[in-house]
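In: Fold the following and give me the result.
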Amino acid sequence: MDIDLNSDMGEGFGAYRIGEDEALMAIVSSANVACGYHAGDPVIMDKTVRLALANGVDLGAHVGFPDLMGFGRRQMQCDPAELAQYVLYQLGALSGIASVAGARVTHMSFHGALGNMAAADYDLAEPLVRAVAAFDRKLIVTVSTNTQIERAADKCGLRIATTFLADRAYTDEGDLVSRKLPGAVINDHDAVLQRVRRLLDDGVITSITGKKLPIKVQSILLHGDTPGAVENARAIRQEIESGKGRIVPISRLVGGG
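Out: Next comes the predicted model:
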């Protein structure tokens, strides 16, 4: 099978560094780049863009709340129309830096609390996704399955790449378990690899209570700030390729663009 291997990157700020972007970029096929709101800054964005370009990695905008202190993982109550402008601002920032470097943004995703809130609320998801469509209808929206973001993207005529978060636990309903709860983030290397193997072999994921959930995805995501991300990415790539699968960038998997 062909599948994308994706990671969040560019999530440092100034002199502070999070994740091992250089190592990850040599393993994955697409990257979600922080656009300066939850993490990142112009210098880090430029470096990450050029790193992706040099490695033939698809470039995605990872947009979130303006919350550097909380890494975009704290809920903010903002008017949806205001949030739509935040989305446009971040898309524009990364696209401008990418254009100067000779690259283009192929996809986007919603980060952290903004993504979780939009996933559960169509009235929030729709104006945000509509802003993405107004900015560039060729952008692919990467998103977990069974979310309001997916439904809004479909209504707005945007392509979707459904994503399995290999290092995050799922509820019985197929939602992400809140990071406030124990077991929400999966740090155990063997457990992450087992989850991916089950997805590849059987097309299912196991919820935090052990329930089997059928799922069809185009992309496997690892968080760059999760401990052991590089080792997990390398093992997942080896697992896919040893099973005669191929790691393929998102833009080559999702047609119509």
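In: is it true that Ala152 lies in a strand?
Out: No - secondary structure of Ala152 (DSSP: H, G, I helix; E, B strand; the rest coil): helix, not part of a strand.
In: and the gap between it and Gly72?
Out: Ala152 sits 20 Å away from Gly72, going by Cβ to Cβ, to the nearest Å. Every C-beta, even on glycine, is put in place using the N, C-alpha and C of the backbone.
In: and what of Asn116?
Out: Distance from Asn116 to Gly72, by Cβ to Cβ: 10 Å.
In: Neighbour count for those two, which is higher?
Out: Set side by side, Asn116 and Gly72 show more neighbours around Gly72, with 24 against 19, by other Cβ atoms under 10 Å.
In: Any idea how many residues pack against the closest residue to that one other than its chain neighbours?
Out: Closest residue in space to Gly72, ignoring its immediate chain neighbours: His38 at 2.6 Å, by Cβ to Cβ, 6 or more residues apart in numbering. A total of 27 residues lie near His38 under the criterion other Cβ under 10 Å.
In: Check the one 3 residues further on too.
Out: As a burial measure, Asp41 scores 18 neighbours (other Cβ under 10 Å).
In: again, but for Asp167
Out: Residues near Asp167, counting by other Cβ under 10 Å, number 24.
In: got it, and Ala15?
Out: Using other Cβ under 10 Å, Ala15 has 5 neighbouring residues.
In: Against Ile44, how distant is it?
Out: Distance of Ala15 to Ile44, given as Cβ to Cβ: 10 Å.
In: sorry, back to before: got the contact list for the residue nearest to Gly72?
Out: Neighbour list for His38: 11, 62, 64-68, 70-73, 111-112 [criterion: Cβ atoms under 8 Å, 6 or more residues apart in numbering].
In: with those residues in mind, which one is nearest to Ala161?
Out: His62 (13.8 Å; Cβ to Cβ).
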